[in-house]
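>>> Everything below, folded, please.
(2 chains)
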Amino acid sequence: MSTHAASVSTPLVAPASPASSANKALVIGAAGLALTAIGVVVSSDAHGVAMSYLVGVTYWTAITIGMLMLTLIHHIVDASWSVVIRRQWEHWLAAFKWLFVLFLPLLVFAWLKPGFVWPWMDLNHELHGHGTVGTDVLYQKKAGFLNLNMFTGMTLAFFGIWVWVSARLRKASFAQDADGDVKWTFMNRKTAAFGLPLGALTLTFAAIYWVKSLEYHWFSTMYGVWFFANCVRGALSISVLIMLWLWARGDYKGVLNTNHLYSAGQLVFAFTVFWAYVTFSQYFLIWNANVPEETFWYNLRELNHDGTTNQWKWVGMLILFGHFFVPFLYLLSYKHKVVHAKVRPIVIWILGIILVDMCYNILPVLKDEHGDSLPFLSVNLVWVLTSVAGVGGVCVWAYLRSFPSTKLIPIRDPRIGESLTHHE
Amino acid sequence: MAHAEHAVATPAILNEVKPAVLPRAVLVENNRSFSWITEKICGIIEGKTPAWWWVCFCIACLIACFTVGGITYLVSTGVGVWGHANPVNWAWDIVNFVFWIGIGHAGTLISAILCLLRQKWRTSINRAAEAMTIFAVVCAAIFPVFHVGRVWYAWYLFPIPNSNYIWQNFRSPLEWDVFAVSTYGTVSVLFWYVGLLPDLATLRDRFEAAGNKLRSFLYGLFAMGWRGSNRHWSNYEMAYLILAGISTPLVLSVHTIVSFDFAVSLLPGWHTTIFPPYFVAGAIFSGFGMVLTLMLPLRAIYKLEDLITQYHIDCMCKITLATGTIVGYAYAMEFFIAWYGANPYEGFTFINRAFGPYAWAYWIMISCNVITPQFFWFRKVRENTTMVWVLSIFVNVGMWFERFVIIVTSLARDFLPSSWGYYSPSVVEIFTFFGTFGVFSVLFLLFIRFLPIMPMAELKAVTPQADPHAGHDHH
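Numbering: from 1, shown residues only, chains lettered A, B, ... in the order given. Have a look, this model is predicted:
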């Protein structure tokens, strides 16, 4: 790859439509969703399938939130190097409305069959050795927040805000391609100014409602920060894959240079450290205090009721090494950030390990008659894969559908010159 | 605000598509030359000591005497002269320690992180921010060192092998603080000193030319033989980058450990998982607050408007706004989770903070740390330096109160209502803390007088004329 973008011609026109790729993504998405739907109907553990579906939806929503946050941060700090990548983030934001549609089945289940996904929604849900949710004093204290109406209203609000903020960002950016007016840059800065606090609050409460409340006895003030770290890290990894794909297609030739990949790789590295910092702090403070009302969440992910270790302990170890040590050590190298064949595997690995992290946070809520978490390597993993493929296929399709609708890069962005000549 | 006409070289295609035009602000205004920058910064040191400096120095020395008096009285009498009593046995000492160490962390954090992020605007503020760090760490160290009571035993904190069969409690974050802060202090001094080398050499040469042999010798001694050769610059750049790389995780770890002082406990209001990043955000917030407090008067007195431009003030205000909002997020999350966690003690602690006997302190904290920075949304406020300076004072006040609220409210009313109390500081504590501002000011005034307050070499590198592409198309 060249180190300077000396000649740029492709951005003048909209890129060729990747229609066949979009169709393939849609087929994969539809197949994954169909298989998951079949699983709900035919599986003896429909609850497990639904939880797996929650993993899939949360995983891709997290990545899309990450794209949104990156776009907002880009505008608020008046960044330059990332201008040539920003358009791809904007295309990805088209997935929000489809993610909302894909979240609807969970909401429908929440209303038609309370407790099917989130146990606290069913007041008659049996707590192992502690009566039912309805008689649980801890639930009663939280009922003002954890109730179906609030859950539904907040979820609608989350998606409403994400779709609205995304639409504003896309509209202004695309419009600037046509008229080159700097007012669109200012509009996006304003959107970023209010969008960032809104994004922080919505992603925090989405993480609390969708994931943390699965074990509603448990609490941690760090949870929103942990979710944010995964969101951005996932989005950056997808961004690198998109950069490599567009380079391979020829679209990014003359646009992208080594330094863009290096900067993106540095951000992946930084968020690797940030994720580890946040996750370690949460774990360490809970482990050190050793208060049962907090430690039970981690104990569930390590021990069975008889004191034997379960599979989740090893998943935890996988996360410790795979989420931090492997990418941290690997990405220390300059070459591993810029050589296509070297950076590709690590971002794919990171995307995989984020999925494992989501599973670690969601799936242990599935328990046997003793209250022990069902093993990680079980039939549920199949439904996780179908769900991830299904929701992911739709997201990729939404991205590819938006992709040919405008120019490859924001060619009239005031910082485009700095971005095209990005150097260390 | 001035703007660069051609900040970067542009690919030919952009002449065809005509992108929107939004020039970046220049970092040195009025097209100042290299020699002007040298004269301006060196002139502060070389010129006659201004009267205001002597006035401020004398006042600062007088104020510092309060600390000297306070700790002298403490050492000669005992720690009982502080206002500590059950249930609050940890109050202004640790509050003041965290306050100063927060400011101390922020300086290097600002400088190192902005360096790694290639934020060129840092050049106008980084030297003073780093100096601020070192002086603040000195002030911070006073409190734990003298809190041990018999200060001549303070060395027990260090695990000197087998000395008197003392075995330090390595499980205590306070012991971690000893290692973390001392390591941090050392690296901060190195970071600051390495950055000073080229400028010390400049001063050496200028004093030599002016015939002042003593000052030439002293600056030359500390310039370590700097001659500005290509090899020197190459080594310098690498050393500076490495130190920035070391400083960044170190400074994050230090303030994280300071947050662990509280978060590892089981006390309601202290044991919360968000403390580490929340403390780090608070440190950056208070650091920028203090940098604004210090730099704005300097800018006015020495007429440094071309070097500390409105753009610099804008950037600092915006970071203060962002970090203040992050701190606000952490306050809100603590409050929410205190309710959501449904632990009655935790819930009570936060209600007690907001509506209990220390409510006045809590609302000062909220007003200063969450509401005050919101004024920085408005350009008119950011462009009014008096207003910015006043708001920066509020930020400093608010960050002191944050530590007071966290520490004292949780201790004053813990699990047993029968042991509740109300803490008030003694006169000795007030004097000791008040005096630290004098200690800090004395050191900072000496810094202004004898060392270049801005990195001249780095400033020259960010002027428009230093840009090799300036005014030319890319080729």
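
>>> C-alpha only now, for contacts and for neighbours.
Noted.

>>> Which residue is the nearest non-sequential neighbour of A:Lys335?
Nearest residue to A:Lys335 in three dimensions, chain neighbours excluded: A:Lys342, at 7.4 Å (Cα to Cα, 6 or more residues apart in numbering or on different chains).

>>> Show me what the helix or strand encompassing that neighbour is in contact with.
Using DSSP states H and E, A:Lys342 sits within helix A:340-362. With Cα atoms under 8 Å, 6 or more residues apart in numbering or on different chains as the test, helix A:340-362 has contacts from A:51, A:55, A:58-59, A:211-212, A:214, A:230, A:234, A:237-238, A:240-241, A:244, A:265, A:301, A:312, A:315-316, A:319, A:322-323, A:327, A:330, A:335-337.

>>> Backbone dihedrals for B:Ala85, please?
phi -160, psi 150 (degrees, to the nearest 10).

>>> How is the spatially closest residue to it that is not a sequence neighbour assigned, secondary-structure-wise?
Of all residues not flanking B:Ala85 in the chain, B:Tyr423 sits nearest, at 7.6 Å (Cα to Cα, 6+ apart). Following DSSP: H, G, I helix; E, B strand; the rest coil, we place B:Tyr423 in the coil state.

>>> for the following helix or strand past the helix holding A:Lys342, what is the average pLDDT?
Once the chain leaves helix A:340-362, the next helix or strand it forms, by DSSP H and E, is helix A:380-402. Confidence over helix A:380-402 (mean pLDDT, whole number) is 96.

>>> how far does the helix or strand that comes right after helix A:380-402 sit from the chain's center?
As assigned by DSSP H and E, the chain's next helix or strand after helix A:380-402 is helix A:416-420. Relative to its parent chain, helix A:416-420 has a centroid offset of 28 Å by Cα atoms, centre = their mean, to the nearest Å.

>>> can you check stretch B:113-128 too?
Worked out by Cα atoms, centre = their mean, stretch B:113-128 lies 14 Å from the chain centre.

>>> First-to-last residue distance for that stretch?
End-to-end distance of stretch B:113-128 (Cα to Cα, to the nearest Å): 15 Å.

>>> quick one: it near chain A?
No: judged by Cα under 8 Å from any Cα of the partner chain, stretch B:113-128 and chain A are separated, with a smallest distance of 8.7 Å.

>>> Any buried residues in that stretch, and which?
B:113-115, B:121-128 (16 or more other Cα atoms under 10 Å in any protein chain shown).

>>> Determine the angle, from 0 to 180 degrees, between the helix holding A:Lys342 and helix A:380-402.
Put simply, helix A:340-362 runs at 130 degrees to helix A:380-402, going by axes from the mean of the first three to the mean of the last three Cα atoms, to 10 degrees.

>>> From the contacts of helix A:340-362, which land in helices?
Counting by DSSP state H, the contacts of helix A:340-362 place A:51, A:55, A:58-59, A:230, A:234, A:237-238, A:240-241, A:244, A:265, A:312, A:315-316, A:319, A:327, A:330, A:335-337 in helices.

>>> List only buried entries from those.
Buried members of these, scored by 16+ other Cα under 10 Å, are A:51, A:55, A:58-59, A:230, A:234, A:237-238, A:240-241, A:244, A:265, A:312, A:315-316, A:319, A:327, A:330, A:336-337.
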